[in-house]
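# just coords:
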């Protein structure tokens, strides 16, 4: 039993005032910000606008038992920034809509907002408005973001051609391993680090894997530079897993894609974690849905532009396959001999 | 026990395909529509953009027991269109984000989408994207809309001055009465119309009141014309009730507002309904939160512009009060003598 105040003790206006307390001064292009019926913004000259919305639902996308409030806010924005990154767009503004259980501690509300606004500030994204309502069930955070990009530089899924190389940013599997570690720790009476050290891995690795799940770093800078120097023929993010991403780019571009399993940049600690549990790290890396990395198709002749974008985007890129004229998506085993259809990616409803 | 299919039997991609089946062809300014990581749109020349988000949560804003699926979709968009109208903006695009219980019948999903897209088509608003996820609890629909308006024509809450007249569009109380009728009918074994006829009102009145709740008609055309001919010094919508709206305009404009209770355009059938239950129709009209009407401040010298906007907006406007130099919001009784502070409006969390 806790005596700490909850959101139910505040009016909507008081909660909005708490959010405003986290916001920097509005930029000059925000003509009307939080507090009227709607926000009014001036479009950026010579840019088209990129819009996306994504929701995090308690019990589906996160558990409050092991995801701290600031990480909930961080992730709610990160999944959207990742979509902007996949289009090559620079972030501009967000609308933050939350459905809050009446029992939500006010300190947790503040923590969610702090995590959200800290990531927003890092990417120069401004909160233009939002909505607050009660939820009779789970906590839900629905975030709309808008970014901008030059008209001919937006990165779609549909531009890959046979012969293009397929790259992925960062490493794979770490967020899925981090989630599993957090779940184990939440279901255990041990302190968290001992769950991991029982598997003879270090506290540093535990921290890196759980951070990959809790506070993913969307590849905004990489996306912007890929768009600016026209290094990518197609791009998307891995929010629904690598297998899903490869299938989507192949379908949208009208090509096949052959992935070389031996080249997948699986995080070594994640691999060790999955294998210690009798799992297959390759399958986990293909189907895990929490790696907010970019999947990129590149014409071989623009390889040098890709290298430049990678350096400016401050993240490693790994070549993992190639586009083929023959349709279909295949996985070549580490030995090089076997060819399989890709395992099914993550789907929300099935 | 029903054998009808549910959304759980569909993949996310199949559900998105069902939504796309309801959409008209994308307009030329929508460079990338539904189906990529994000939508890409070209801004409209010489316009600023108006953005807002609003959510409907089952159990808070509607009950599936007595709100049919198409009305859920209609209302989810109408509440947002009403915010655009209050800013004087012409609707342009929407993002539709839904959290769906696995048990939701597929026919209900289709009905929600049909109600949403029918209202969108009527206002030339295009669906640019969205998000679908499962909900472990209530159905939630979160809608972001963008509209456009000329830079100096956006209607805010802050422009009223002492001496301005205060007007409201349409009539008040009908949605609140309609909701009460639907609740009574849902809790009763009688057929719906007999609940109403027991109170000796007609089936036509029953239908008008329940329609006001289920399928509100946002004042988009009125808002656009108020902005174009600069007829309003301040404007907002009544989504949180008239008392709240009056207070917000007074606070944002730094004026007082005196409302004349005798002039409130309370729907006669709604008045009869409330009074038959021993209620006070004035209080209901002031605090009911489902009238999606506009509250408008008008300089006396621009009265003729207001009349023109009213005619083009196809809705009646009624003068209900006046802005005063003395701060504070007051209600003058029908007799003209008593002056009270306004009753508190609707708040989400208290």
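Done, it's in. Because the structure is a prediction, the values reported are computed rather than measured.

# phi, psi of residue A:208?
Phi and psi for residue A:208, reported as degrees, to the nearest 10, are phi -70, psi -40.

# so what's it up against?
Residue A:208 makes contact with A:174, A:267, A:269 under the criterion CB atoms under 8 Å, 6 or more residues apart in numbering or on different chains. From N, CA and C alone the C-beta is placed, and that goes for glycine too.

# interface residues of the stretch 151-300 of chain A facing chain B?
Residues of the stretch 151-300 of chain A found near chain B (CB under 8 Å from any CB of the partner chain) are A:151, A:154, A:156-158, A:235-237, A:252.

# ok, which pair from the residues you listed is furthest apart?
For these, with distances taken as CB to CB, the pair at the greatest spread is A:151 and A:237 (21.3 Å).

# mind checking which of the two has more residues around it?
residue A:237 (25 against 11; other CB atoms under 10 Å in any protein chain shown).

# what's opposite that one in the beta bridge?
Going by DSSP bridges, residue A:237 is paired in beta bridges with residue A:294.

# can you map out the strands along the stretch 151-300 of chain A?
Along the stretch 151-300 of chain A, counting by DSSP state E, counting those that start in this stretch, strands occupy A:165-169, A:234-237, A:256-260, A:294-298.

# to residue B:310, which of those lies closest?
Among those, strand A:234-237 comes nearest to residue B:310, with 48.6 Å by CB to CB.

# and that closest one, what does it pack against?
The criterion is 3 or more CB pairs under 8 Å, 6 or more residues apart in numbering or on different chains; DSSP states H and E, and the helices and strands that strand A:234-237 contacts are helix A:69-87, helix A:242-253, strand A:294-298.

# how about these in CSV, adding mean pLDDT, distance to residue B:81 and mean neighbour count?
CSV is the format used below for those (pLDDT from 0 to 100; distance: least, CB to CB, whole Å; neighbours: other CB atoms under 10 Å in any protein chain shown):
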stretch, mean pLDDT, distance to residue B:81, mean neighbour count
helix A:69-87, 98, 24, 27
helix A:242-253, 95, 32, 23
strand A:294-298, 98, 36, 27
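
# can you convert these into a markdown table and add a column each for distance to residue A:139?
Shown next, in a markdown table, are the helices and strands packed on strand A:234-237 (distance: least, CB to CB, whole Å):
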| stretch | distance to residue A:139 |
| --- | --- |
| helix A:69-87 | 8 |
| helix A:242-253 | 26 |
| strand A:294-298 | 29 |
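
# okay, now the unreliable bits of the stretch 151-300 of chain A?
Counting by pLDDT under 70, the stretch 151-300 of chain A contains low-confidence residues at A:189-201.

# which residues in it form helices?
With DSSP state H, counting those that start in this stretch, the ranges of helices along the stretch 151-300 of chain A come out as A:174-186, A:192-197, A:203-214, A:220-228, A:242-253, A:268-276, A:281-287.

# in the last one, which residues are buried?
Read that as helix A:281-287. Neighbour-count burial for helix A:281-287 flags A:281-282, A:284-287 (criterion: 16 or more other CB atoms under 10 Å in any protein chain shown).

# nearest to residue B:309 among those?
Using CB to CB, the buried residues of helix A:281-287 come closest to residue B:309 at residue A:287, 56.6 Å.

# so what's the closest residue to residue A:235 other than its chain neighbours up against?
Using CB to CB, 6 or more residues apart in numbering or on different chains and skipping residues adjacent in sequence, the residue nearest residue A:235 is residue A:155, 3.9 Å away. Residue A:155 sits next to A:86-88, A:223, A:226-227, A:232, A:234-235 when contact means CB under 8 Å, 6+ apart.

# columns distance to residue A:124 on top of the residues of the stretch 151-300 of chain A next to chain B, output as TSV?
Output for these, formatted as TSV (distance: CB to CB, whole Å):
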residue	distance to residue A:124
A:151	21
A:154	19
A:156	24
A:157	26
A:158	29
A:235	21
A:236	23
A:237	20
A:252	30
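
# distance to residue A:30 for the strands of the stretch 151-300 of chain A - can I get that in a markdown table?
Formatted as a markdown table, the strands of the stretch 151-300 of chain A follow (distance: least, CB to CB, whole Å):
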| stretch | distance to residue A:30 |
| --- | --- |
| strand A:165-169 | 31 |
| strand A:234-237 | 27 |
| strand A:256-260 | 41 |
| strand A:294-298 | 29 |
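
# sorry, back to before: of the buried residues of helix A:281-287, which is the nearest to chain B?
residue A:287 (14.7 Å; CB to the nearest CB).

# wait, the closest one touches residue A:241, no?
Yes - taking contacts as CB atoms under 8 Å, residue A:287 lies within contact range of residue A:241: 5.0 Å.

# what distance do you get for residue A:181 to residue A:71?
Distance, residue A:181 to residue A:71, by CB to CB, to the nearest Å: 14 Å.

# burial count for residue A:319?
Using other CB under 10 Å, residue A:319 has 16 neighbouring residues.

# look at it and tell me its secondary structure.
On the three-state scheme (DSSP: H, G, I helix; E, B strand; the rest coil), residue A:319 is labelled strand.

# quick one, what contacts it?
The contact partners of residue A:319, by CB under 8 Å, 6+ apart, come to A:165-167, A:263.

# quick check: which element contains whichever residue of chain A sits closest to chain B?
Distance from chain B to each residue of chain A (CB to the nearest CB) is smallest for residue A:137, at 2.4 Å. Assigned by DSSP states H and E, residue A:137 belongs to neither a helix nor a strand.
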